[in-house]
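In: Please find the sequence and the predicted model below.
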Amino acid sequence: MSNRKNRVFVDIHVIQSLPPSCVNRDDTGSPKTAVYGGVRRARVSSQSWKHAMREMFKEYFSESELSERTKKIVDKVADQICTLFNTGKEDAMTAAEKIINQAGVSTKDSEAKALFFMSSKQAENLARMALMKPLPGKKEVQAALNAGKGIDIALFGRMVADDPALNTDASAQVAHAISTHKVENEYDYYTAIDDRTPEDQAGAGMIGTIEFNSSTLYRYATVAAHDLKNNLGDANAVAKAVKEFIRAFVCSMPTGKLNTFANSTPPYAVMVAFRRDQPVNLVGAFETPVKAGEGGYQGKSAKALADYAKIVYRNFFNEPEKAFFSAIGNELTGLGDALELPELLNKTEQVVAGFLLEDGVQA
């Protein structure tokens, strides 16, 4: 285990209200739910929100800093071979498949058998080896495939069933978002009219139903900045990655039924806490469901979060080394410095870099 002094955990807590929506569906088309505290809650899976975050990363990182999750890794490496060596595509595909197989990744019909997370730099690394005669050994090729991790691989990890030597442990964790209160799914019955149907012929061209719910969510994620440093190798790169992780976590939205419900809402409250001991998920604040009464759920959920955090800090864990919050209401007052979101992001970048450099965890 790493020295406590050299650990830097960045916890992100969000209270966010969604109107009628179906942002994340199960296999039957129903909004995902979970039972917590003995009642049914709205739920948005971590996978769904992480995908939305990765899409937002494209706005703040260059293509060379990011990765793709795809079966078409042979094509990805072949494109690099064509660019670097002016090779024909057919020959490049053959060479790319051989070097990928040499790394221990199985392919069939020029595609990986399972989705594979690969950065642009890793594809380039393999491309530079692909035309060597003889091919480098397996360990050397695997080292090339593990070097040059994209920001997203470093944060979310990579699991390779073919060979665990190609795995990357995730530096970030994202919890399934759940509503702070009990929910009941509802149904929207809709009809669509055929625009070319004569006015004297009544009736719908199509009818159907969409299941939805509305909720105030508690969302939580954490980044182990010291582990991210091991993945990325530079304290300033880590600080930027943490900043953009928080921006994406706070500002992104899964796209399920987005055109139908237009449910892109801002958060009500965001709190970022810097810890040395361990990550602390504060979902226990909502094990007893919040009851709306007058005033709705947002403010009461933020107050429940603040009250619970103070109890947890007093009885179980130390208070964070530092904390920032940005909120519409004042319920989080006393839990950290109140900042507007742009300033919160910039301050977070400075604090993470400062912790890593101060602790001697820098490159």
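Out: Noted; the coordinates are in hand.
In: C-alpha only now, for contacts and for neighbours.
Out: Will do.
In: before we move on, what SS does the residue of the chain most remote from its centre have?
Out: The C-alpha centroid of the chain is most remote from Asp200, which lies 52.3 Å away (CA atoms, centre = their mean). Classification of Asp200 using DSSP: H, G, I helix; E, B strand; the rest coil returns coil.
In: Direction included, what does the lowest-mean-pLDDT helix or strand in the chain pair against?
Out: Sorted by mean pLDDT, DSSP states H and E, the helices and strands of the chain end with strand 186-192, the least confident at a mean of 90. Paired strands of strand 186-192, with direction, are strand 206-224 (antiparallel) (DSSP bridges).
In: Give me the distance from the helix or strand just after the strand it pairs with to the chain's centre.
Out: Using DSSP states H and E, the helix or strand that directly follows strand 206-224 along the chain is helix 225-232. Helix 225-232 sits 16 Å away from the centroid of its parent chain (CA atoms, centre = their mean, to the nearest Å).
In: What of stretch 204-220?
Out: That offset, for stretch 204-220, works out to 22 Å (CA atoms, centre = their mean).
In: Could I get the CA-only coordinates of that stretch as PDB?
Out: Taking Å, rounded to 0.1, in the frame of the first residue of the first chain, the C-alpha atoms of stretch 204-220 are listed here in PDB:
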ATOM      1  CA  ALA A 204     -53.200   7.900 -35.900                       C
ATOM      2  CA  GLY A 205     -50.500   6.600 -38.100                       C
ATOM      3  CA  MET A 206     -48.700   5.200 -35.100                       C
ATOM      4  CA  ILE A 207     -49.300   4.800 -31.400                       C
ATOM      5  CA  GLY A 208     -47.000   3.700 -28.600                       C
ATOM      6  CA  THR A 209     -45.800   4.300 -25.000                       C
ATOM      7  CA  ILE A 210     -42.500   5.400 -23.500                       C
ATOM      8  CA  GLU A 211     -41.700   4.600 -19.900                       C
ATOM      9  CA  PHE A 212     -40.000   7.400 -17.900                       C
ATOM     10  CA  ASN A 213     -39.500   8.800 -14.400                       C
ATOM     11  CA  SER A 214     -38.300  12.000 -12.900                       C
ATOM     12  CA  SER A 215     -35.800  12.200 -10.000                       C
ATOM     13  CA  THR A 216     -33.200  14.100  -8.000                       C
ATOM     14  CA  LEU A 217     -30.000  12.100  -8.200                       C
ATOM     15  CA  TYR A 218     -27.000  11.700  -5.900                       C
ATOM     16  CA  ARG A 219     -24.000  11.100  -8.100                       C
ATOM     17  CA  TYR A 220     -20.500  10.200  -6.900                       C
END
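In: quick one: pLDDT of Gln201?
Out: In this model, Gln201 is scored at 76, pLDDT.
In: residues near it, how many?
Out: Neighbour count for Gln201, taken as other CA atoms under 10 Å: 7.
In: which residues in the stretch 251-363 of the chain form helices?
Out: 258-261, 298-315, 341-358 (DSSP state H, counting those that start in this stretch).
In: And for the stretch 51-200 of the chain?
Out: Under DSSP H, counting those that start in this stretch, the stretch 51-200 of the chain gives helices at 73-85, 89-102, 120-130, 138-146, 151-156.
In: My read is that Asp78 contacts Lys98, right?
Out: Residue 78: Ala, not Asp. No: Ala78 is not in contact with Lys98 according to CA atoms under 8 Å; the separation is 10.7 Å.
In: Which of these two has more residues huddled nearby?
Out: Ala78 (27 against 18).
In: Of all the helices of the stretch 251-363 of the chain, which one comes closest to Asp227?
Out: Closest to Asp227 of the helices of the stretch 251-363 of the chain is helix 341-358 (CA to CA; 10.9 Å).
In: helices and strands around the closest one, which ones?
Out: helix 235-251, strand 322-327 (3 or more CA pairs under 8 Å, 6 or more residues apart in numbering; DSSP states H and E).
In: Next, name the residue at the spatial heart of this protein.
Out: Note: the chain centre (CA atoms, centre = their mean) maps to Lys50, 2.6 Å.
In: Tell me if I am right that that one is in a helix.
Out: Yes: counting by three-state DSSP, one finds Lys50 located in a helix.
In: pLDDT below threshold where in the stretch 151-300 of the chain?
Out: Filtered on pLDDT under 70, the stretch 151-300 of the chain yields no residues whatsoever.
In: 80 instead, please
Out: Low-confidence segments of the stretch 151-300 of the chain, defined by pLDDT under 80, span residues 199-205.
In: surely Pro289 meets His181?
Out: Yes: Pro289 lies in contact with His181 (CA under 8 Å); the separation is 4.5 Å.
In: name the element Ile12 belongs to?
Out: strand 9-21.
In: Mind listing what's buried along that strand?
Out: Residues of strand 9-21 classed as buried: Phe9, Val10, Asp11, Ile12, His13, Val14, Ile15, Gln16, Ser17, Leu18, Pro20, Ser21 (neighbour count, 16 or more other CA atoms under 10 Å).
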